[in-house]
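[1] sequence unknown, structure follows:
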């Protein structure tokens, strides 16, 4: 199918839409908001309901979107939604329901400047919202941070694997620049959507009625009247999180082998930092980058190991210093830690990073 | 090979789509490409610019401080981006909307009367194709053939009958670009 | 006659629906919920479609509906059941998907979801229990609380200048292009129970046949919230609720 078009020039947002169809997602539910509307627009244009049978629905609000994901995922379907900062804030109502009911689902968060309505320019100021669990209760979500269009596409596939494996909501934390920029994107082959029979076999917990005559009814609920039972459910969840932390940490190294200064940055800030590293290395500075690919689970061990042999760590973010705390914690302050950042939609440039690192002087 | 380009002008001039066609041609030639627009609330006539990077290697930062080539289509764009052209780099401008011509002597400067030529051709839509032709004449980063192939892949089928006209404009642009200064 | 003979199948004149389990209900004596639960169970039994049925529970007194009916349920956040149902029906187009909601859930916090879902004509059934009060949280004012009616948050009676007016959401629903069936029923008498059952059955059939959205409002009692005996509350319903919320079909498009 569409062999010639498997390599396309796509925006990050468009790549996510193509990927959702090709990875065999069953449904997308979303509400327009800049800078992520291309996801819904592209899906509407591609009409996957006529080909793979994937459902696409423009919901009445982000609150409705997340409920649609909750119910769809709860019934064993593979579903996603997308939004941007203020819209993702509205979704915090039901992400905790998904976490405690162990409902798989993908939330694509294409960040813009905040707080509040903020700007429509790129930002990374929802790091904490995504990684700490923005809603109520003791929960976490797996958070994947793409830094390119290709990775935006690939992570839709990875998210499907992870959310089904761990029965948990997964967030792809993109931003306005990755969503809006175009790059070469190699699209994956089509994976067929699962049949009802496959869903029945793979998701015996799902609330879809399938095979009800031979089993107990399935119920998705976060409500418990007995606090001891609730705590038990929480403890089970924590055990699962501990396993995710063991097994699912992902990070990319860029020139860390001989580095004396380590930049830690994710997503678009990591891309820009790579540009700065290229400049700095030409000037003889031994600078490398650790790019957390999963923001939760966070690459704590790698940071500790690197912190032990670095002269300095510089955290670069498009916010006022959110991942900074996690880096400080993980590094156990084994070396000095500096921060370079911008917020509100202001983008940092490679020159600014290079200059500031040069100015930090020798250690 | 790595070419970092900024194209800047008014919204509606085809700045973004010109960058897109260029990037597509890059893909056809097996290059890595990045197309990074400035974006704001949807507005016609506002300023628009796009950074296009073509490279044989993985592209690191999509955000740039300096450029190999700048194509500027109005005075504010010239004022903003001329200083950011790397020494020995290239600046292309259309005199129709420029009051103060570029004065830098350490860069290659070209003019192309694309707006006037498009008016003569009674077809405003070929404006950006004339520019694109001019660009690939002086910076042969992609071939005309691949640009045309890029058009085939970016344009919806129903617009494919316009491709010969666009190809002609690209070739015409290659002829009308003029050297103003050599670094 | 011995007990065994009495209990033989040919002598059965009434039995608990198969899909209703033995869990003791938490509903107060005189509450309409238990009756409507039973009707839903009976209809699903009769239609034999429990393997392709998904129920969506609300937040409110019916939050535990999933404890009593042996079908698959998903518990929605407060007011969001119609959004859940929209997704479920689109993802499972052959299934019967219904929501079961109270007045606070459907007509207050979830008004947006309710109106949008019905207006999209989602092929689902909304069962709406209107007892003019927040029962589960202890008797606060609801969007459907009658003028002058006393609750814990309008202890001197509902007044227009302080609280606005009781919302006739079914009347609004009937104006929407997406709805095929909007009806108002009650379960205060044996006759009304039979009519309510017929209405729910029709709504379920509409949903399965893809005719559009169906809304079955059931004007109900809350003896605890109204601070009355079950008998008094049935009488109060007849005298006060039904004049403002008259029974009958508001819309019924058959094809």
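    Sure thing, it's come through. Just so it is clear, the structure is predicted and the values come from calculations on it, not from any experiment. Numbers count the residues shown, from 1 in each chain, chains lettered A, B, ... in the order given.
[2] what are the ranges of the strands in chain C?
    For chain C, the strands defined by DSSP state E cover C:53-57, C:72-75, C:96-102, C:125-130, C:133-134, C:140-141, C:179-186, C:213-219, C:248-252.
[3] So is the third one next to chain A?
    Same thing as strand C:96-102. No - using C-beta under 8 Å from any C-beta of the partner chain, strand C:96-102 never reaches chain A; the gap is at least 8.6 Å. For glycine as for every other residue, the C-beta is placed from the backbone atoms N, C-alpha and C.
[4] Are there helices or strands packed against that strand, and which ones?
    The contact analysis (3 or more C-beta pairs under 8 Å, 6 or more residues apart in numbering or on different chains; DSSP states H and E) places strand C:96-102 against helix C:32-47, strand C:53-57, helix C:81-91, strand C:125-130, helix C:190-209.
[5] How about the residues of chain A by chain B?
    A:5, A:7, A:9, A:34-35, A:120-121, A:176-177, A:180-184, A:268, A:271-278, A:347-351.
[6] If any of those residues are buried, put those into a ChimeraX selection.
    In ChimeraX syntax, the buried subset of these is picked out as below (16 or more other C-beta atoms under 10 Å in any protein chain shown):
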select /A:9,34,35,120,121,176,177,180,181,182,183,184,268,271,272,273,274,275,276,277,278,347,348,349,350,351
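[7] how about the closest residue to residue A:121 other than its chain neighbours, what does it touch?
    For residue A:121, ignoring the flanking residues on the chain, the nearest one in space by C-beta to C-beta, 6 or more residues apart in numbering or on different chains is residue A:345 at 2.8 Å. Contact analysis of residue A:345 by C-beta atoms under 8 Å, 6 or more residues apart in numbering or on different chains lists A:112, A:113, A:118, A:119, A:120, A:121, A:122, A:123, A:176.
[8] now those in TSV, with secondary structure?
    Compiled in TSV, the contacts of residue A:345 are given as follows (DSSP: H, G, I helix; E, B strand; the rest coil):
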residue	secondary structure
A:112	strand
A:113	coil
A:118	coil
A:119	coil
A:120	coil
A:121	coil
A:122	strand
A:123	coil
A:176	helix
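[9] pLDDT wise, what is the residue nearest to residue C:122 when sequence neighbours are not counted at?
    Closest residue to residue C:122 apart from its sequence neighbours, by C-beta to C-beta, 6+ apart: residue C:86 at 4.7 Å. Per-residue confidence (pLDDT) for residue C:86: 98.
[10] circling back to that earlier point, could the strands of chain C be laid out in TSV, adding mean neighbour count and mean pLDDT?
    Shown next, in TSV, are the strands of chain C (neighbours: other C-beta atoms under 10 Å in any protein chain shown; pLDDT from 0 to 100):
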stretch	mean neighbour count	mean pLDDT
strand C:53-57	28	98
strand C:72-75	28	98
strand C:96-102	29	98
strand C:125-130	28	98
strand C:133-134	26	96
strand C:140-141	20	96
strand C:179-186	25	98
strand C:213-219	28	98
strand C:248-252	15	98
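[11] As JSON lines, those with distance to residue C:205 would be great.
    Shown next, in JSON lines, are those (distance: least, C-beta to C-beta, whole Å):
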{"stretch": "strand C:53-57", "distance to residue C:205": "13"}
{"stretch": "strand C:72-75", "distance to residue C:205": "20"}
{"stretch": "strand C:96-102", "distance to residue C:205": "9"}
{"stretch": "strand C:125-130", "distance to residue C:205": "9"}
{"stretch": "strand C:133-134", "distance to residue C:205": "31"}
{"stretch": "strand C:140-141", "distance to residue C:205": "36"}
{"stretch": "strand C:179-186", "distance to residue C:205": "10"}
{"stretch": "strand C:213-219", "distance to residue C:205": "9"}
{"stretch": "strand C:248-252", "distance to residue C:205": "12"}
